[in-house]
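> just coords:
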């Protein structure tokens with residue numbers, strides 16, 4: 001087995017359906033991770049039209065996060081989160097994505113991370129995973145939050161995944177900014193990891209820059225990925241301000257190394 005390399009559609013966020021499909025065709029891109037946001041209908045409908053009008057070999061879905069924050073405790077926010085994910089699972093049945101990414105949180109109400117909040121989020125993750133299983137969908141819990149918005153530290157995240165038997169996606173950029181031991185993380189969660197987000201930064205801010213533009217040594221990281229998780233998807237998740245040709249070049253490079 002070898003790792004499949006996906007490009008995140010984050011790079012296309014401000015592009016039209018026609019521009020996206022044209023780029024995909026011109027460069028023969030067959031693997032993509034798509035953001036699905038049922039409460040952001042215009043964007044989701046655009047990406048579903050891309051799926052209907054272009055043939056992919058492999059796709060993954062990035063679940064809702066722009067209008068979905070599991071750290072918010074109000075009942076209406078909970079309903080929105082469950083609705084958003086269930087609608088995403090329904091949409092995905094037609095396209096057979098490898099997994100659906102879940103963010104445990106976005107911004108933190110009152111900037112206050114408590115044990116009670118951690119337990120509340122964990123309950124919501126369990127409920128969404130239950131819904132995912134009812135649709136035969138794979139939910140991939142991602143390590144998110146940067147410093148002050150990091151609800152779960154490395155040990156807590158590892159426990160969340162292992163204690164519940166969850167699949168997970170490791171965002172290397174987030175782990176690096178938060179000072180996590182990335183080799184140890186990969187080795188410990190290797191049997192649960194279904195995907196990775198690759199992007200680079202300076203160790204201080206979550207920039208989502210290309211893999212060769214920052215302080216993360218991706219030659220070392222990719223060697224670990226291939227050794228311990230050879231079936232995992234690797235997603236190049238670059239900010240939409242980056243040059244699309246750069247993500248294409250980096251994708252081709254990783255495909256040769258996979």
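Ah, there it is. Only a predicted model underlies this, so the values are computations on that prediction, with no experimental measurement involved. Residues are numbered from 1 along each chain as shown.

> Now do the biggest helix by length in the chain: everything it contacts.
When every helix of the chain is counted residue by residue (DSSP state H), the longest turns out to be helix 115-134. By C-beta atoms under 8 Å, 6 or more residues apart in numbering, the surrounding residues in contact with helix 115-134 are 70-71, 73, 78, 81-82, 85-86, 89, 100, 102, 104-105, 108, 138-139, 141, 151-152, 156, 160, 164, 166. Backbone N, C-alpha and C define where each C-beta goes, glycine included.

> Partner strands of the next helix or strand after it, with direction?
From helix 115-134 onward toward the C-terminus, using DSSP states H and E, the following helix or strand is strand 139-142. Here the strand partners of strand 139-142, with direction, are listed using DSSP bridges: strand 100-103 (parallel), strand 167-171 (parallel).

> Serialize those to JSON lines and add fields for mean neighbour count.
Below are the strands paired with strand 139-142 laid out as JSON lines (neighbours: other C-beta atoms under 10 Å):
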{"stretch": "strand 100-103", "mean neighbour count": "26"}
{"stretch": "strand 167-171", "mean neighbour count": "25"}
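
> could those go into JSON lines alongside distance to residue 27?
Rendered in JSON lines, the data for the strands paired with strand 139-142 read as follows (distance: least, C-beta to C-beta, whole Å):
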{"stretch": "strand 100-103", "distance to residue 27": "24"}
{"stretch": "strand 167-171", "distance to residue 27": "25"}
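
> For those strands, could you give me TSV that also reports distance to residue 245 and mean pLDDT?
Formatted as TSV, the strands paired with strand 139-142 follow (distance: least, C-beta to C-beta, whole Å; pLDDT from 0 to 100):
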stretch	distance to residue 245	mean pLDDT
strand 100-103	25	98
strand 167-171	23	98
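
> quick one: which of those strands is nearest residue 44?
When these are ranked by distance to residue 44, counting by C-beta to C-beta, first place goes to strand 100-103 at 13.4 Å.

> outside of the closest one, which residues touch it?
Contacts of strand 100-103 with the rest of the structure, by C-beta under 8 Å, 6+ apart, involve 33, 36, 60-63, 65, 68, 70, 85, 88-89, 92, 125, 128, 132, 137-142, 144, 169, 195.

> my guess is residue 34 meets residue 63, correct?
No. Taking contact to mean C-beta atoms under 8 Å, the distance of 10.4 Å between residue 34 and residue 63 leaves them out of contact.

> circling back to that earlier point, only the buried subset of the contacts of helix 115-134, as a PyMOL command please.
Of the contacts of helix 115-134, the buried ones can be selected in PyMOL as follows, counting by 16 or more other C-beta atoms under 10 Å:
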select buried, resi 70+71+78+81+85+86+89+100+102+104+105+108+138+139+141+151+152+160+166
